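Participant: Mind folding the following:
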Amino acid sequence: DEPTRSLSGLILKNNVKAHYQSFPQPVAEFIKQECLNNIGDASSLIRATIGILITTIASKGELQMWPELLPQLCNLLNSEDYNTCEGAFGALQKICEDSSELLDSDALNRPLNVMIPKFLQFFKHCSPKIRSHAIACVNQFIMDRAQALMENIDTFIEHLFALAVDEDPEVRKNVCRALVMLLEVRIDRLIPHMHSIIQYMLQRTQDSDENVALEACEFWLTLAEQPICKEVLTSHLVQLIPILVNGMKYSEIDIILLKGDVEEDEAIPDSEQDIKPRFHKSRTVTLQHEEERPQDPDDAEDEDDDDTLSDWNLRKCSAAALDVLANVFREELLPHLLPLLKELLFHPEWVIKESGILVLGAIAEGCMQGMVPYLPELIPHLIQCLSDKKALVRSIACWTLSRYAHWVVSQPPDMYLKPLMTELLKRILDSNKRVQEAACSAFATLEEEACTELVPYLSFILDTLVFAFGKYQHKNLLILYDAIGTLADSVGHHLNQPEYIQKLMPPLIQKWNELKDEDKDLFPLLECLSSVATALQSGFLPYCEPVYQRCVTLVQKTLAQAMMYNQHPEQYEAPDKDFMIVALDLLSGLAEGLGCHVEQLVARSNIMTLLFQCMQDTMPEVRQSSFALLGDLTKACFVHVKPCIAEFMPILGTNLNPEFISVCNNATWAIGEICMQMGAEMQPYVQMVLNNLVEIINRPNTPKTLLENTAITIGRLGFVCPQEVAPMLQQFIRPWCTSLRNIRDNEEKDSAFRGICVMIGVNPGGVVQ
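Facilitator: So this is what the prediction gives:
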């Protein structure tokens, strides 16, 4: 019975994985021999199982201990029996995938010198399955530029071209994959044939087999990153653009998977596995630069909003390719696109219209300049699409509009901002969950762009967001927290009005009270509250006590659990330290928002003792957040920090280690804040930190943020202890000046420059050169 045989093979494989080292020698030999004897089994399932078993033994460090394996498998390739040949090739392909680096090393005295020429012979084999194995084997060695392959590169490319017209989809897929990788590592060898390769890839991108089309579509993504892209592709755009645009339509299977015909699903609870784990990004202290909108650090490319189909597919790949090509060709793309767009955007069939809206979003970044003349007509049309009867059209319209938010905000608000905002807020209350999600994300982007332009509409915005609280299922609630946090970051102290606080705080606090201490939903809610506390400042006072207490409890619980785990790892589980990190960051937000009002909360808690432990935690993110909190408490209520300085300073000194950039950055910033409070009393601690700071500011390749904070702290140290720091002027003055010249004028810059002036007074010789 085949399934039984296969299952026994997989059980054996798991045993090999776990215990191979302790198998008695004769047992190990017996297994190896039986594998090789049966690799040509009549059943393809059993052949594949034996292949998996062989590569598992090989990757247990046994390639060296099994010298006859590769020669025997290569020998079996010559067998007249198809099953033997295919079984051996299947096993070789798995070994090439798992051990490619080892195969190209002296450890085995370079078996590839024999294997690669051997594989190349099989590109012409009569069986498509064998041809496909052969290409897949060689493909494993392209990215690492294996020596044996580089020596045979021309033969390889010739053989690939010979397979261009192959009937078999698996073979075509592997040919496309090879060409995409060669484009990255050996473009020099492809350039002479580039015209025909592009023609071939245009064909394959329209292949009837979607897997082949997807592999081929990757070619355009890779080509866009090559300097020669413009030169070789310009004349082909007229063919390529329509093909990519055509690939951006939802396939029938996509629509089924996305439940595209289900319009209303807001009442259906989310299944837990649909909710991606949330990761909290620990707080890093940065300085504002001149002429710069605050950039969202995690504002990564969100290509498209089909996260639920998170597997890569032709639609996403085509959209990504169009996006990168728009960034290469800019306005030159538009003559090929605009005629198509007109037809798509106003098409009666929703699937086609939807793809047109996606195209418009994909080119937003690259073709923005060239699109500006058409936006006064297009934006109102897109805003209309927000009320389309198909949910998938409404959701993509949200995304595309968010890609043009920057332009919308640059126009008089009544023209586009107000209508867009009004419609997006309706979509936040859509009856379809995917639309709710897209609208919330788009609204967060709009908030970042519009900032205080939103102040006149705050009442209306808050009514909507608060209403959504009662309406949303689990997954979208988490996105809603983000939209509220971003709103608070964007409008700042304008949120501190009694009527706004009355609307916003009760539902947030209600959620806060519903969640248990071990519920991960606390993360986004804590991040959201942190932004709200910073924006409301004293307006947050009535709510701060329970929030503060709970954060302290979360830190205390986590530390206690960590201690138990360290003492008895076999009895206790390791704690999830994210709870502690998020709590420390919210405490920072409270200290920053409430300022001196946080003093009585700190007085009534043991936070300083807890902080002393957190600052010495083994996990860098915990230390990073501790130092941020230390700096914020230093600014808000130094009376509670001062008694701990003697204990804290040595710890800060040891953390000035640029190996952990963010930890080092926050420790540096905290030292600077402590200087400003300590004044001349800082003197005993200067030597603990000064040498490290000077070393960091002179290190090549130090990230800008760290350089800036280091410069500020050196300046502040010199401001309060000029006699101690001035002798070192000569060693830091030059990098000091270059790293601070683009920083906005603020308290920190002011104190640091005063410090430099005082030090020049003490040691003018240090700046002469």
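Participant: buried set for stretch 355-366?
Facilitator: For stretch 355-366, a neighbour-count test (16 or more other Cβ atoms under 10 Å) marks 355-364, 366 as buried. C-beta here means a position set from N, CA and C on the backbone, and glycine is covered the same way.
Participant: Stretch 560-570 now?
Facilitator: 561-562.
Participant: Outside of it itself, list whatever touches it.
Facilitator: Applying Cβ atoms under 8 Å, 6 or more residues apart in numbering, the external contacts of stretch 560-570 come out as 571-575, 577, 617.
Participant: Can you lay out those residues as TSV showing pLDDT, neighbour count and secondary structure?
Facilitator: As requested, those are exported to TSV (pLDDT from 0 to 100; neighbours: other Cβ atoms under 10 Å; DSSP: H, G, I helix; E, B strand; the rest coil):
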residue	pLDDT	neighbour count	secondary structure
571	92	8	coil
572	93	14	coil
573	92	9	coil
574	93	11	coil
575	94	18	coil
577	95	19	coil
617	97	19	coil
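Participant: Kindly indicate which of those lies nearest residue 427.
Facilitator: For the contacts of stretch 560-570, the residue nearest residue 427 by Cβ to Cβ is residue 577; the value is 37.2 Å.
Participant: what's near enough to touch that closest one?
Facilitator: Residue 577 makes contact with 558, 562, 617, 619, 621-622 under the criterion Cβ under 8 Å, 6+ apart.
Participant: Restricted to helices, list the residues you listed.
Facilitator: 558, 562, 621-622 (DSSP state H).
Participant: Quick check on the residues you listed: which are buried?
Facilitator: Neighbour counting with 16+ other Cβ under 10 Å marks 558, 562, 621-622 as buried within these.
Participant: Can you name the two of the residues you listed that sit furthest apart?
Facilitator: 562 and 621, at 13.5 Å, using Cβ to Cβ across these.
Participant: picking that back up, identify, from the ones in helices among the contacts of residue 577, the entry nearest to residue 253.
Facilitator: Closest approach to residue 253 among these (Cβ to Cβ): residue 621, at 40.6 Å.
Participant: still on that earlier bit, what is the most widely separated pair among the contacts of stretch 560-570?
Facilitator: Within the contacts of stretch 560-570, 571 and 617 form the most distant pair, 21.1 Å apart (Cβ to Cβ).
Participant: if we can go back for a sec, of the buried residues of stretch 355-366, which belong to helices?
Facilitator: Of the buried residues of stretch 355-366, the ones assigned to helices by DSSP H are 355-362.
Participant: Can you lay out these as TSV showing pLDDT and distance to residue 311?
Facilitator: Listed next are these as TSV, based on pLDDT from 0 to 100; distance: Cβ to Cβ, whole Å:
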residue	pLDDT	distance to residue 311
355	97	19
356	97	24
357	98	22
358	97	17
359	97	21
360	97	24
361	97	20
362	97	19
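Participant: For this structure, give me the ranges with low pLDDT.
Facilitator: For the chain, the stretches with pLDDT under 70 are 61-62, 277-279, 289-310.
Participant: OK, contacts around residue 352?
Facilitator: When contacts are counted by Cβ under 8 Å, 6+ apart, residue 352 touches 249, 344.
Participant: again, only using 6 Å
Facilitator: The neighbours of residue 352, taking Cβ atoms under 6 Å, 6 or more residues apart in numbering as the test, are residue 344.
Participant: follow-up on the earlier one: quick check: the farthest pair among the contacts of residue 577?
Facilitator: Within those, two members stand farthest from each other by Cβ to Cβ: 562 and 621, at 13.5 Å.
Participant: Tell me how far residue 99 lies from residue 149.
Facilitator: Per Cβ to Cβ, to the nearest Å, residue 99 is found 15 Å from residue 149.
Participant: higher neighbour count, these two?
Facilitator: Under the criterion of other Cβ atoms under 10 Å, the comparison of residue 99 against residue 149 puts residue 149 first, with 24 against 17.
Participant: helix or strand for that one, which one?
Facilitator: Element membership for residue 149, per DSSP states H and E: helix 147-151.
Participant: go on, residue 552?
Facilitator: Assigned by DSSP H and E, residue 552 belongs to helix 541-567.
Participant: returning to that earlier point: reformat the contacts of stretch 560-570 as JSON lines; add distance to residue 49.
Facilitator: Formatted as JSON lines, the contacts of stretch 560-570 follow (distance: Cβ to Cβ, whole Å):
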{"residue": "571", "distance to residue 49": "40"}
{"residue": "572", "distance to residue 49": "40"}
{"residue": "573", "distance to residue 49": "36"}
{"residue": "574", "distance to residue 49": "36"}
{"residue": "575", "distance to residue 49": "41"}
{"residue": "577", "distance to residue 49": "41"}
{"residue": "617", "distance to residue 49": "46"}
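Participant: before we move on, back to that, need the buried residues of stretch 355-366 in CSV with distance to residue 348, can you?
Facilitator: CSV is the format used below for the buried residues of stretch 355-366 (distance: Cβ to Cβ, whole Å):
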residue, distance to residue 348
355, 14
356, 12
357, 14
358, 17
359, 17
360, 18
361, 21
362, 22
363, 23
364, 25
366, 29
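Participant: For residue 404, state which of these is nearest.
Facilitator: Nearest member of the buried residues of stretch 355-366 to residue 404, counting by Cβ to Cβ, is residue 364, at 5.7 Å.
Participant: Grab the nearest non-local neighbour of that closest one.
Facilitator: Taking Cβ to Cβ, 6 or more residues apart in numbering, and ignoring the residues beside it in sequence, residue 364 has residue 403 as its nearest neighbour in space, at 3.6 Å.
Participant: my guess is the one you found meets residue 363, correct?
Facilitator: No. Counting by Cβ atoms under 6 Å, residue 363 is not a contact partner of residue 403; they are 8.9 Å apart.
Participant: Let me know the next secondary structure element after the helix holding residue 552.
Facilitator: As assigned by DSSP H and E, the chain's next helix or strand after helix 541-567 is helix 578-594.
Participant: buried ones in whichever helix or strand comes after that next one?
Facilitator: Next helix or strand after helix 578-594 toward the C-terminus (DSSP H and E): helix 599-603. Buried residues in helix 599-603, counted by 16+ other Cβ under 10 Å: 599, 601-602.
Participant: And stretch 466-479, by the same measure?
Facilitator: Across stretch 466-479, burial judged by 16+ other Cβ under 10 Å covers 466, 468-469, 471-473, 475-479.
Participant: Residues contacting stretch 520-535, please?
Facilitator: Taking contacts as Cβ under 6 Å, 6+ apart, the residues outside stretch 520-535 that touch it are 278, 280, 478, 481, 484-485, 488-489, 492, 495, 511, 515, 540, 582, 586, 589-590, 592-593.
Participant: Just the buried positions in it, please.
Facilitator: Buried residues in stretch 520-535, counted by 16+ other Cβ under 10 Å: 520-535.
Participant: from the residues you listed, which is closest to residue 710?
Facilitator: Nearest to residue 710 among those: residue 534, at 25.1 Å, using Cβ to Cβ.
Participant: helix/strand/coil for the closest one?
Facilitator: helix (DSSP: H, G, I helix; E, B strand; the rest coil).
Participant: Residue 333 versus that one, what's the distance?
Facilitator: In this view, residue 534 and residue 333 are 42 Å apart by Cβ to Cβ.
Participant: mind listing the strands for the stretch 151-300 of the chain?
Facilitator: Using DSSP state E, counting those that start in this stretch, no strands are found in the stretch 151-300 of the chain.
Participant: can you tell me which helix or strand the nearest residue to residue 367 once chain neighbours are set aside belongs to?
Facilitator: If the residues on either side of it in the chain are set aside, residue 367 comes closest to residue 326, at 5.0 Å by Cβ to Cβ, 6+ apart. Using DSSP H and E, the element containing residue 326 is helix 314-329.
Participant: Can you spell out which helices and strands pack onto the next helix or strand after that helix?
Facilitator: Remark: after helix 314-329, the chain's next helix or strand is helix 334-345, criterion DSSP H and E. Here helix 334-345 touches helix 237-247, helix 350-362, going by 3 or more Cβ pairs under 6 Å, 6 or more residues apart in numbering; DSSP states H and E.
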